[in-house]
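Novice: Prediction below, plus the sequence it came from.
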Amino acid sequence: MVSMISQWILSLLIFFPLLGAVLIGLVKDNQTARHLAVAVSVLELIFSLHLVAHFNADSAAMQFAQDLAWLPRGTGIRYTVGVDGISLLLVMLTTVLCPLVFVSSYSSIESNVKSFLALFLILESAMIGALVSLDLVLFYVFWEAMLIPMYFIIGVWGGKDRIYATTKFFIYTVIGSLLMLVAFSYLYYLHYQQNGVFTTSIIELYKTAAGLPADTQLWLFTATAVAFAIKVPLFPFHTWLPDAHVQAPTPGSVILAGVLLKMGTYGLMRMSIPMFPEGAHRAAPVMLALSVIGIVYGALIAWRQTDIKKLVAYSSVSHLGFVVAGLFAFNELGYTGALYQMVNHGVSTGALFLLIGVVYERRHTREMSEYGGLAKQMPWYAFFFLVATMGSVALPGTGGFIGEWLILNGVFQTYPAMATVAGTGVILGAIYMLWLVLKVIWGPLKNEENKKLLDCSPREAFVLATLSIFVFLTGFLSAPLLAHTEPTMKRLQESVVNKAAYKTELVIHGRSQEPLKVMMDH
Amino acid sequence: MNYQAMLAAILLIPLLGALLNGFLLRSAPRVVTVSVATLAIFIPFIFSCLLFFGPVNAGEVVRTDLFNWISVPFQGGHLDIPFALTVDRLSAILLLIITGVGSLIHLYAGEYMSHEEGVYRFFAYLNLFVFSMLSLVLGANMVVTFLGWEGVGVCSYLLIGYWYSDEANARAGMKAFIANRVGDLGFLLAMFMSVKLFGTVDYSKIAAALTNELAANNAPMITAIGLCLLLGVTGKSAQLPLYIWLPDAMAGPTPVSALIHAATMVTSGIYLMTRMSFLLVHSHTAMTTIAVIGACTALFAATIGLVQNDIKKVLAYSTVSQLGFMVLGCGVGAFQFGVAHLMTHAFFKALLFLGAGSVIHAMHHEQDIRKMGGLIKKMPITGWTFVIGTLAIIGFPGLSGFFSKDEILYNAWTGPFGHPLLWALGAGAAACTSFYMVRLTYLVFFGESRVEHAHGHHGHGHDHHHHHEIHENPLAMTLPLMILALLSIVGGYVSMPHAIMHTLGVHANENIITEWLSPVLASAKEVMSAGHGEEGHGSASLEWGLMGASTLVMLIMSGFALSLYKVGPKGGDSIANAVGGLYRLILDKWRIDELYQGVIIEPLKKVGDAFFKFGDRALIEGIINEGPRGIYLVTSVLSDVQSGLVRNYLKVVFIAMVALCAWILI
Amino acid sequence: MSENFETMLSMSFPPAAFYLHAAPILALLIGGLIALIAGVFRGNPDRPNMLAYQIGFVSCFPSVIVPLILLAAPGSFGANTAQPPAWLGSGFLADQISQFTFLIVGLGTMFTLFMAEISNAGRQLLRPELVCLLLFASAGIMILASSGEFMTFFTGLELMSVSLYVLVGYQRQDTRGLEAAVKYFLMGATASAIILMGMALIYLNIGSLRWSDLPALNISLNNPFGVIGLLMFLIGLSFKLGVAPFHTWGPDVYQGAHSTLTGYMSTLVKVGIVMVLLRVLGNGFAGADGGPWVAKVFWVLATLSILVGSVFGLVHNSIKRMLAYSSIANAGYFCLAFATLALAPKSAEARQAVLAYTAIYTILNLGAFAILAWLEDSSREDLLKEELAGLGKKAPFAAVCLTIFILGLAGIPPAAGFFGKFMLINSAVSVGLVGLAVVMVVLSCISLFYYLSLLVEIWLKPATRSSVNPQDNEDARDVRVLVGIVAFASLLVGLVGPRWVASINPTFAREIPVQSNEPKTGDSRSENLSPAVGAVNPH
Amino acid sequence: MLTLPELGLYFSFLLFLVGLAGVMFRKNILFMMLSVEILLNAANLAFVCASKLTGTMDGQVVMFFVMAVAACEAAIGLALIIALYRTKASIEADDLKALRG
C-alpha cells in the first residue's frame, strides 16, 4: 500500500489541485468555494506529508519517482517525476504556503472569487509540477503553466497599474524561458548525436551535458541561467519584480515571493549548475558579481522606498541575491544555505506581504507615511511584524540566519572579498527593515484614521502565527531539515568540483532503475 | 548533581520567563509579572552559584550539547554546529554577574516601572535579554555566541525603544541595532575565517587546532580574524568608531541602561576577546590595534563626559570610557584585568545607573543635572551609595575601581603589548573620569537644591499623582543599591596589584583573578611570553609609581571639579567661555554623529536614490520600456510600405525575387 | 523519359483501391456540383440554401471517414505501408501524408460550413455557389497535397485559387471584400505565373514533371536555370503561403474577407501549400552546394516572416489584421522546417514537425476566427481590439476559449502551439540551424506583445460602450459547443497530440521509405539525418 | 547559334519580364489582367520550348492545361472587374486602397 502510494503520490500532488479547480468551477457560492479551496490545499498539505514521512534521507536519488510514457516514444519525452533533497523542501514550502494563502484570501479577494481560487489551484499544481519534473519538456510545460495563472492573478485582481505590471512580468519571463527552450533543444540533439537516442530526461542529460566542450557548456549555461536569473530575479533583470509585487493582490504577492521566485534559483540548482558544471565554473565570477551587486543595489533601493510593498519587493531582490551567491560558491555550505534560504525567504517575506495586506485591507494605502505607531493600536500585528522583520534581517534563531550564515560562509571560502561585500547586505538589510518598522510600527499614532484600526482578526492571526512559528522553527530545527538534503548536496558538490556529470537515479517504489532501461521496458 | 541539566536550565529558564510574560501573563497583575521575571533570573543565579563553587571552582569545564543545530557536509567532512553550552572559569564569572546583577536590577525595575502600563512587555524583553546574554556567554562555539550576540542586540533595540510612542526613542533603538550590525559583520567574517582556517567554530577545537606553526603560516589570516573580532567588539562594546549608539541608548528605561548598557551587554566584547585570547595574541598588529582603540576610546569618551548635563549621558560616556579601559587591558595582553574591570565596572556602573534611576524616578523623569542639587538630604541611601559608586569609578584607593583600573594602567605600560603612550592615554582618561564623576555627584547630591517644582508631563504612561515632595524610594529600589555598593567596595580585591599584595604579605604568586583565569588564558600567556621574553618588564617600584601617579591625578582632578562646581552648575562656565569653540565641539560630542550622517548615511541615501532613479528607472526600465516603444514607432513608419496599392505589392514581390536570385547566384 | 505521361494513358481505369483512397476528393467535387445544381432548381438564389449546405456537409464525410480508417488501420485494403501506393502516374499519392491532409481539410471544411450556418452573416453567404466554391477549393487543396507531379499540382492550385478569388469577393455589395478579391486575384495570378515559369525551367532541366525525379535537378550554382527555376517555384509557393517578403497581399485580403472565410484561407490553404513544399523539398536535389542555399533562402524567409509578422502586428487595432500578421509569423515557423528539409530531406523529425504544426495551427486559427466571426455577428465586420474589452465578463466561455487559442498561437504551454513550435525548433536544431532557432524564438517574443494585448482587452479591461455584446441565443450555444470542442481538442493535442501525429508514416509514395520515428530496437538512426542528396544519381 | 527552341525559351523570358512590368506599372486593372495573361503565356511558351529541348511530351500537355486555366482566370478576373466597376465605377488599381497598413 505504502509503495503504491509512494508511486503515485507526486502525480496526486500535481493533479489534485487541478481537480480542486474543476470542483470550484462547479460550486455556486463564493463562500463554499473558499472553504473548498482551503480544504483542497489542506488535503494537499496532508498528502505532501507522505513525502516527508517516507523520504529516505540517506539517498540522493530521485525518490517517489514515476516514469510514464507521454509523447511519442521516439522523442524520448516522458512524464518523469521524482523528488530529491532539493525539491522536497520546496514542495513542502509550496504545500504549506498555499493553505495559508487561501485562508488569507477570504478578505483580500472580493471579486471573481471563484476564478481566483481556481487559478490559484492551477498555479499550485503547476508549481509542484515544475518542482518535481525530471523531464525537460515536462518541466518547461509546468514552468510556463505557472505563468498564465499568475498573469491573470496580477492582471485581474491587481492594483492600478496592473496591466503594465503583469504584461512586463509575462514578457520578461517568456523571453527568458524561450532562450532556455532553445538551449534544451540543442542539448536534446547533442545527446542524440552522441548516443543515437533522443531523450529529455534530466537525469540522462546530466551525463551528456557534463561531457560537452567548455565553450558549448558556457553557452548553454548562459541561455538557461538567463531564464532562471530573470525569474529569481537577479540584477539587472529584476525590474519586473517591484512592479509585479506592488500591483499584485496580497495572495499573489505572497506566492510570488514565497514560491515563484524560488523557481529561478531552483532551476539554477537543478539544471544550470549540475548540467553544465564547466560552464558554471566559467560563469561563476559573473554570476557572483551580479548577485553581490544585486544584494547591495536592492538593499539601497529598498531603503529609499516609501511604498511598503515596493520596499519589501526590493528586499527580495537583495535576499535572492544571497541565494544566487550561495549557489555559485561551489561548496556544500553555499548550496545548503541557498536552499535553506529559499525556504526562509518564502516564509518571512510571505509573512511580510501578508502583513502588508492586513493593513492595506483596512486603509487601502501602502504609503509608509500614512502609518506610524501601529504598535499602540495593533499590538499583535506589531508582534508579528517584528517577527517577520527579524526573520527577514536574518537574526540568529530564525531560519534566515542559518541560510545567510551558510551562504556567506560558503562564499567566503571561495571568494572572501565577494563575501565581505555581500556581508554589507546584512547591515543594509537591517537598515531598511528597521526603517520600515520604525515608520510603520513605532512612533506616535498620529494619523486619525489609524486610531480606529482593529488588530488582527483571529483568521489573520492564525495565518501570521503559523508563519511566525515557522520563522523560529526553521531557525532551530535546521539540522533535521537539512539532513534530508545532505546526500544531494554532496552529490552536487562532487559533480561541480570534478566538473563531472551529476549522478542520480530514479527510485520507483523501492527499487532503483536506470531511466533508459525503464524506457526500453515500456 | 546534574550540572549539565543545570546549565541548560540556566539558559532556558529566562527564556521560559520571557515566553510566560510575553504570551500567557499579558493580563496578569503586575506583581505576578515582576515575580515571574525576577525568579526567572534568580533561579539561574542560584544554579550559577552552584556551578561556580562546584565544578568550575574545581577546575572542570561543564559542557552540554542541547541539540544538533546546524549540520552541513563540508570539504569531505562535516561542519557540525551543535547548540552547545559550556561553562568554564571565564563564563562562570560572567554568569554570576549576569544573573546576580540581573536579579537585582529586575527587582529594582519592578518598582521603577510601577507607574507603567503593560509592563509584561518590558519584563518579557528583559528576560529575553538575559537569555540572549547567557547564550552569548555560555555558547561553546562562535555561532551560539553569535545567537546571543545578536539576540542582546535585538533586546537592546526593543528596550531602548520601549517607549516607542516617541519616535526619537525608536530611532535610538534602531541606531543601536544598526551600529551593532556593522560590528556583527566583523564577527561573521571572523567566523568564516575560522571555518576556512580551522574547519570549525568551536572555541575548544579552534584552540586545539591553533598551533604556533599554523599561526605563523597564516599570519595574515590570524590578523584578519583579530581585526574582524575587533570590529565586532567596537560595535557591541561601543568603541571607536562605533560607540555612537550607546549614548543614544539612554532613551530606554534606566534599569535597562544599568543592566544592558553598563553591566552586561556592552561588556560582551571583552568576554569575546578574552575567549579568543589564545588566537589574538598571535597577531601583534591585532593586539596593538585593540589597545590603541581602547585607549583612544577611553580618553575620547571621557572628554565628552566632561561637559554633559544629562545625568544618564554623563554615565553613558563614562561607560564608553570604562569599556575603553577594558579593551585597552585586553589589547595589552592583560585579559584577566580586563575581565576584572568588567566585573567591578558591572558593580559600580550598575550602582551608578540605578542610583541615577532612583533620582530620575524620584524627580519624575527629570534628567538634567542643572536642575538637581542637594538631593542627598532627601534621598540619603541613593546619595551615599552613589558616592560610593563614584569613588569606586574614579579609583579611590581601596575601592574596587582602584585595583582593576590600576592593573590595566600598569599593564598598559608594562604588558606584553604595552607602551607608555598607552598608559598616558589611559591616565588622561582616568583624570577626566575623576573630574566628570565628581562634578556629576556634586551637582546632583550636594550644594543648593535647584529643583523646580512645576514639572511638565513626561508622558510614557506615567500616572499623574504628583509627589511634590522628593523622597527616598522604597526598599525594592534601595536594596539593590546597597548590595551593589557593597560589591563596589570589595569587588576589586580580586585583582590586587602585586606590589600591594607583597606589602600586605599575601603569599600568592598571582592575584585571585589571574589565578582563577589561568586555565582560560594559559595558551595566550604561553604565546605572549614566548614572543616577548619574560613577562613584565615592570617592577614593584614602577607599579608603586604608576599607582601613586594615578591616585595623585585623581585627587587633583576631583579637587579641581569640587572647586569649580561648588558654586553650582555655572562653575565651569569661565573655562567653557575661555575655550568657546572647543567647548561647544565637545558639548556636541565632537559632532561625530553629524560626521557619520554627512559622510556615510546621507551619501548612501543618495546612492540609493540614484540607483533607483538612474539605475532602475532610467537605465533598465528605459531599455525595457523604450525598446518596445521604439519598435512600435519604427513599425508605424514601416507599415506605410503596406500602402494598399497592388502595384507596390507586386513591386515588393519582384524586388524581393530579384534580390533573392541575385543573392544566391552572385 | 515520358514514362509518367504514358503510364497515365495506359491506365485509363485505375483500380478500385484508387477510388477508395481518392474518395474524399471525388466526393467533394461531386458534392460541389450537386450543390450547385440543387441551387439552380430550388428557391431564391439570394437566400440561404439549407439543402446546399446539407449536401456540402455530407460531401465532407468521406474526407473524414476514409482517412480515419486508412490512418487507423494502415494495412487495410491491401495498401503497402512501407511503400504507399500511387495512381495516375504520380498524380495521386495515396500515402499517409495525403490522408492526414484530407482529414484536416475535411474537418476544416465542415467546420467552416458549420460556422457559416450558425452565424447571421454567415447564413447570408450560405448560397449554393458558396458551398460549391468551398467544396471545390477544398478539393483543390486535397489535390495539391496528394499530387506527386507538377501538372496535377498546378491543376489543384488553380482549382483552389480560382475558387478563393471568388469566395473572397463573394459579398458583392461589400467594397472591401471586392477590393480584397481583386487584389488577391491580381497577385495570386501573378504568383501562379511565377510558379509556372519556375516549373517550366525545372522541367527544362530534368525533362520530367514528377517530383520523384527532382533529385536529378542540378541546383548547384553553375546551373543558373536550375537555380532560378527552383527559386521561382519556391517563391511562388512562399507567396501562396504568405511568407514575408511575399506576404503583402495577406493582411489586406484577410481583412477584406468575411471572418469565416478568412479562417478557412489562413489555415486550410496553407495546409495544401505546406504539403507541396514538404513533398518537393523532401525529395532532395542534386548538386553539391544545393541544399545549403535552399536552406539559406528559407533562413531568410523565416527570419523575415517572423520579424514582419511580429513587428507589424503590433501597430494594428483590427483583430483580423493582427491575426493575419500572426499567420505570417507562423508561416515563418514552417520555413524553419523547410530549411531543415533542405539540408536533410529525409529528416523524419522535420516531416513530423510539419505535420504536427499543420494540425495544431489549423485548430488554433480556425478556432480563433470562429470566435471572431461569432462576435462580429452581433457587432460589425472587422472588429477592433478595444471592442473586446470586458469580454471575459460578458462571455466567459468564449473568452476562455479565445485565450486558449491565443496562448497556443503565442506558443505558451500547455496550449497546443508550444509542442508544434517545439518540434519545429527541435528539427531545425537537429541539422545545426541553432542560430535560426534562436532568431525565431527571440523575435517571436515581440509578437507576445500583441497576443498579450488581446488578452489584456479580454480579461483585464472593463467593458466600454464600444465593446461587443455577444448575443446569447441558440446560435451562441451552438458556437459554444463547437468552439469548446475545438478548444478542448487544442488542449488535448497540446498534451498528447503529437504522439498521434508522430505515428503517421511520413514516407511519400514513390519514395524510398523513410524510417519512422519509432525506434524498433533502439538502433541508431543517424542515416536519416545525413542529407539524402547522395542517394540520387545526378542527371 | 541558338536553335529555335532555345530562341523561343529566351523569348519567353522576355515575355515574362514584359508581363511582370505590366502588372507592376499599369494602373488599369484590365491591363493588369492582360499582363497576367502575358505572364501565363510566357510560361506556356517556355514549356513548349522545354518540351522540344528535352524531347518529352509532358510540357506540351501542360500547355493545354494552362490554357484552360488561363481562360478560367480570365473569366473570373473579368467578373470581378465588372463587379468592381458596378460598385465603384472605376477600375483603377490605385483606387483600391481601403485596405492598407
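Specialist: Ah, there it is. Numbers count the residues shown, from 1 in each chain, chains lettered A, B, ... in the order given.
Novice: Could you report the neighbour count for the residue of the stretch 151-300 of chain C found nearest chain A?
Specialist: Among residues of the stretch 151-300 of chain C, the one nearest chain A by Cβ to the nearest Cβ turns out to be residue C:299. It sits 15.6 Å away. (Glycine included, C-beta is placed from N, CA and C.) Taking other Cβ atoms under 10 Å in any protein chain shown as the criterion, the count of residues near residue C:299 is 22.
Novice: Now do the contacts for it.
Specialist: C:335, C:339, C:433, C:436 (Cβ atoms under 8 Å, 6 or more residues apart in numbering or on different chains).
Novice: Helix, strand, or coil at it?
Specialist: Reducing the assignment at residue C:299 to three states with DSSP: H, G, I helix; E, B strand; the rest coil gives helix.
Novice: Can you verify my assumption that residue A:62 contacts residue A:507?
Specialist: Yes: the pair formed by residue A:62 and residue A:507 meets the contact definition of Cβ atoms under 8 Å, at 6.4 Å.
Novice: When these two are compared, which one has more neighbours?
Specialist: Neighbours per residue, other Cβ under 10 Å: of residue A:62 and residue A:507, the larger number sits with residue A:62, 27 against 20.
Novice: who's in contact with residue A:255?
Specialist: By Cβ under 8 Å, 6+ apart, the contact set of residue A:255 is A:97, A:98, A:101, A:120, A:123, A:127, A:150, A:350.
Novice: Return only those of the residues you listed found close to chain B.
Specialist: With Cβ under 8 Å from any Cβ of the partner chain as the criterion, no member of those is in contact with chain B.
Novice: Give me the neighbour count for the residue in the stretch 301-450 of chain A that chain C sits nearest to.
Specialist: The shortest separation between the stretch 301-450 of chain A and chain C is 19.2 Å, found at residue A:364 (distances taken as Cβ to the nearest Cβ). When neighbours are counted by other Cβ under 10 Å, residue A:364 registers 8.
Novice: returning to that earlier point: only the buried subset of the contacts of residue A:255, as a PyMOL command please.
Specialist: Selecting just the buried residues from the contacts of residue A:255 in PyMOL takes one command, with 16 or more other Cβ atoms under 10 Å in any protein chain shown as the test:
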select buried, chain A and resi 97+98+101+120+123+127+150+350
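Novice: Including distance to residue C:491, pLDDT and secondary structure, could the contacts of residue A:255 go into CSV?
Specialist: Written out in CSV, the entries for the contacts of residue A:255 read as follows (distance: Cβ to Cβ, whole Å; pLDDT from 0 to 100; DSSP: H, G, I helix; E, B strand; the rest coil):
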residue, distance to residue C:491, pLDDT, secondary structure
A:97, 28, 93, helix
A:98, 24, 93, helix
A:101, 26, 92, helix
A:120, 20, 93, helix
A:123, 17, 94, helix
A:127, 20, 94, helix
A:150, 19, 92, helix
A:350, 32, 93, helix
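Novice: if we take the contacts of residue A:255, which one ends up nearest to chain D?
Specialist: Distance ranking of those against chain D, using Cβ to the nearest Cβ, places residue A:150 first at 34.3 Å.
Novice: quick one: the residue in the stretch 301-450 of chain B that chain C sits nearest to and residue A:197, what's the gap?
Specialist: Sorted by distance to chain C under Cβ to the nearest Cβ, the residues of the stretch 301-450 of chain B start with residue B:365, at 57.4 Å. Taking Cβ to Cβ, to the nearest Å as the measure, residue B:365 and residue A:197 are separated by 82 Å.
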